[in-house]
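Peer 1: give me a 3D structure for the following:
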Amino acid sequence: MKCPNCGFEIPEGHMYCDNCGTEINFVPDFEPEVENEINATLSGVADELNKDEKDKEEKRQKRKAFLRAIAKRWKLIAGVVIALVLIIVFTTLFIAYHNKTSLYYLSLAESTRSSGDTAGAIRQLKEGNKQHPDNSDIIFRMSDYYLEEGDYEGAVESLMLIVDSGLFSEDKVKSAYESIMSIYNQVGDYSKVAELFSEDDSEVVSDLRKKYVPNPPVMTPEAGTYDIVNVSIRMVDGTGRAIYYTVNDGDPTSESILYENEIVLENEGVYDIKAVTVNEYGISSDVTECEYVIEAGAVPPPEIMEPSGEYNQNTMIVAVTKSEYSIFYTTDGSDPTTESKQYISPITMPVGTSHYKFIAYDNDGNFSEIVERDYHLVYSRLVAPEQAVNNLVSTLVRLDILLDNTGKVRGIEGHNEYIYNSVIEIEGAGEYYVVVENHVLNDGTSAPTGLMYAVNTHDGTVNRLGYDSSGKYTLITISNR
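Peer 2: The predicted structure follows:
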């Protein structure tokens, strides 16, 4: 710092100039104008700070006043809020009733019923069903009101709106059917059940039919002309409790003749026998009907004990007639005569599909009606395709067709490979795996040899596979080539 008087440099900390002795003043002198400006600025800042504090204080006071006002009037405010909620609720209900929703009709009907006017409630539900045909609650409620009135027919007709409309889920349809069944059970009107279920082939009805409607009975022998016949009637699958029948009369019911023993027909005439199975619900099956003509000296058709159908084990086909008659049969579809094969003893049912025709002759050349049977015998598969291929290769090695299990052939380059192709059924022989033969050269190229083999799916027997003159598969016994 320099002395303001002489300009001598004054060392730091000295209060006087070492040259001239002048006192050093460290506080600068301000001009009056500058000082006034500074004072004015500081005063403005103070005023601003005071104004903010005042504003904050005023806001605090207003909030306190507002809260005190709310505290004094909380009951009034709560009442207003509740009133608004009630107005909204009642407005919503008014709109719902005014628009006549399904709830409107259900509530109106229940109110009308409670007043003792069930018939009026039913009319209201009918109108509700017209406006809302897809609402099941209206229909079920209407059915219940009909039942209260003792109008079972009206209750069923109501439930049929669900069954027939196609507007409802399977669960709703099933519930409707179950309710109908309950009504029929109450009134004992079982005759309508079979008719009800016969008009619909849906999965729902199919399941209910198995539960409520028994299978029709089976009557043997078949309808035809006899000199005398014993008619037997049996249930199917144990679905019934009893069998009732009529002879030359209308459809049987549980009031008809109870079947207990074979029906013996020996007097000449025409006998139309109808039978039904009745289950534990008292429901009748469809009617089984056979017409028997009894003529003195007539040759009765033979009775074939095995019915047409699917078989999976060894079965003998048994034909029965009186000792004075002879039985002849065919398997090629032609009608049997005395020139056909004669039945002497039970016939082993052939594997696969077969068709038999039987006829009976007396000593004078008179013959009966033809009895036909269709059988399909397929044994269960005990051999897998891989086993079939291994069994084929082992058989070919044993017959010296192959040198070893790798498929090598004597004097030929490369080896044979055997590939499973498909499963076929050969008429009269059963089910077989088809295995094709390919020859593989050392360079890996492969080509079919044209030979095919058939391996039985049940016992694994091996044969060559060929074709007959009609183009059908046929089995060829394997021999050395």
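Peer 1: just to check, residue 298 is in contact with residue 229?
Peer 2: No: under the criterion of C-beta atoms under 8 Å, residue 298 makes no contact with residue 229, lying 9.9 Å away. C-beta: built from backbone N, CA, C; applies to glycine.
Peer 1: start and end of stretch 357-377, how far apart?
Peer 2: Stretch 357-377 has an end-to-end distance of 17 Å (criterion: C-alpha to C-alpha, to the nearest Å).
Peer 1: just the residues contacting the helix or strand harbouring residue 179, thanks.
Peer 2: Residue 179 is part of helix 170-187, with elements assigned from DSSP states H and E. Contact with helix 170-187 is made by 136, 139-140, 143, 147, 152, 155-156, 159-160, 162-163, 168, 190, 192-193, 196, 202-205, 207-208, 212, 281, as judged by C-beta atoms under 8 Å, 6 or more residues apart in numbering.
Peer 1: among those, which are in helices?
Peer 2: Among these, the members falling in helices (DSSP state H) are 136, 139-140, 143, 147, 152, 155-156, 159-160, 162-163, 192-193, 196, 203-205, 207-208, 212.
Peer 1: returning to that earlier point: quick one: which of residue 298 and residue 229 has more around it?
Peer 2: Taking neighbours as other C-beta atoms under 10 Å, residue 298 and residue 229 compare with residue 229 leading, 23 against 19.
Peer 1: so who does the nearest residue to the more buried one once chain neighbours are set aside touch?
Peer 2: Nearest residue to residue 229, sequence neighbours excluded (C-beta to C-beta, 6 or more residues apart in numbering): residue 265, at 5.0 Å. By C-beta under 8 Å, 6+ apart, the residues touching residue 265 are 226, 228-231, 271, 292, 294.
Peer 1: at 7 Å what do you get?
Peer 2: If you count contacts by C-beta atoms under 7 Å, 6 or more residues apart in numbering, residue 265 has them with 228-229, 231, 271, 292, 294.
Peer 1: and for residue 381?
Peer 2: Residue 381 touches 457-458, counting by C-beta under 7 Å, 6+ apart.
Peer 1: any idea whether it is helix, strand or coil?
Peer 2: Assigned by DSSP: H, G, I helix; E, B strand; the rest coil, the conformation of residue 381 is coil.
Peer 1: need the buried ones from the ones in helices among the contacts of helix 170-187 selected in PyMOL.
Peer 2: PyMOL command restricting those to the buried ones, with burial defined by 16 or more other C-beta atoms under 10 Å:
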select buried, resi 136+139+140+143+147+152+155+156+159+160+162+163+193+196+204+205+208+212
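Peer 1: which residues does residue 226 bridge with?
Peer 2: residue 294 (DSSP bridges).
Peer 1: my read is that it contacts residue 294, right?
Peer 2: Yes: the criterion here is C-beta atoms under 7 Å, and residue 226 meets it with residue 294 at 5.8 Å.
Peer 1: comparing the two, which residue is more hemmed in?
Peer 2: Counting neighbours by other C-beta under 10 Å for residue 226 and for residue 294 shows that residue 226 has the greater number, 22 against 18.
Peer 1: what sits against the more buried one?
Peer 2: Applying C-beta under 7 Å, 6+ apart to residue 226 gives the contacts 292, 294, 298, 300.
Peer 1: what's the farthest-apart pair in those residues?
Peer 2: Farthest-apart pair in those is 292 and 298; separation 10.6 Å (C-beta to C-beta).
Peer 1: so residue 59, which state does it fall into?
Peer 2: Here residue 59 is recorded as helix under three-state DSSP.
Peer 1: and it, what is it in contact with?
Peer 2: Residue 59 makes contact with no residue, according to C-beta under 7 Å, 6+ apart.
Peer 1: against residue 423, how distant is residue 465?
Peer 2: Relative to residue 423, residue 465 is positioned 12 Å away (C-beta to C-beta, to the nearest Å).
Peer 1: ignore what I typed, I meant residue 142.
Peer 2: Residue 142 is 57 Å from residue 423, by C-beta to C-beta.
Peer 1: who has more neighbours out of those two?
Peer 2: Higher neighbour count among residue 142 and residue 423: residue 142, with 26 against 13, using other C-beta under 10 Å.
Peer 1: leaving out sequence neighbours, find the closest residue to the residue nearest in space to the middle of the chain.
Peer 2: Residue closest to the mean C-alpha point of the chain, counted by C-alpha atoms, centre = their mean, is residue 203 at 8.0 Å. Distances taken as C-beta to C-beta, 6+ apart put residue 170 closest to residue 203, at 7.3 Å, once the chain neighbours are dropped.
Peer 1: what is the burial count for that neighbour?
Peer 2: Neighbours of residue 170 using other C-beta under 10 Å come to 11.
Peer 1: what pLDDT does it get?
Peer 2: Looking at residue 170, its pLDDT stands at 85.
Peer 1: from residue 208, how far out is it?
Peer 2: For residue 170, the distance to residue 208 - C-beta to C-beta - is 11 Å.
Peer 1: likewise residue 282?
Peer 2: 16 Å.
Peer 1: next one: residue 366
Peer 2: Going from residue 366 to residue 208 by C-beta to C-beta gives 50 Å.
Peer 1: helices along this protein, start to end?
Peer 2: Using DSSP H, helices in the chain cover 32-72, 74-99, 102-114, 118-131, 136-148, 152-165, 170-187, 191-198, 203-212, 385-398.
Peer 1: of these, which approaches residue 342 most closely?
Peer 2: Nearest to residue 342, of all these, is helix 385-398, at 38.2 Å by C-beta to C-beta.
Peer 1: residues in contact with that closest one?
Peer 2: 402, 404-405, 407, 418, 420, 433, 435, 453, 455, 460, 462.
Peer 1: buried subset of these as a PyMOL selection?
Peer 2: Buried members of the contacts of helix 385-398, defined by 16+ other C-beta under 10 Å, are picked up in PyMOL with:
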select buried, resi 402+407+418+420+433+435+453+455+460+462
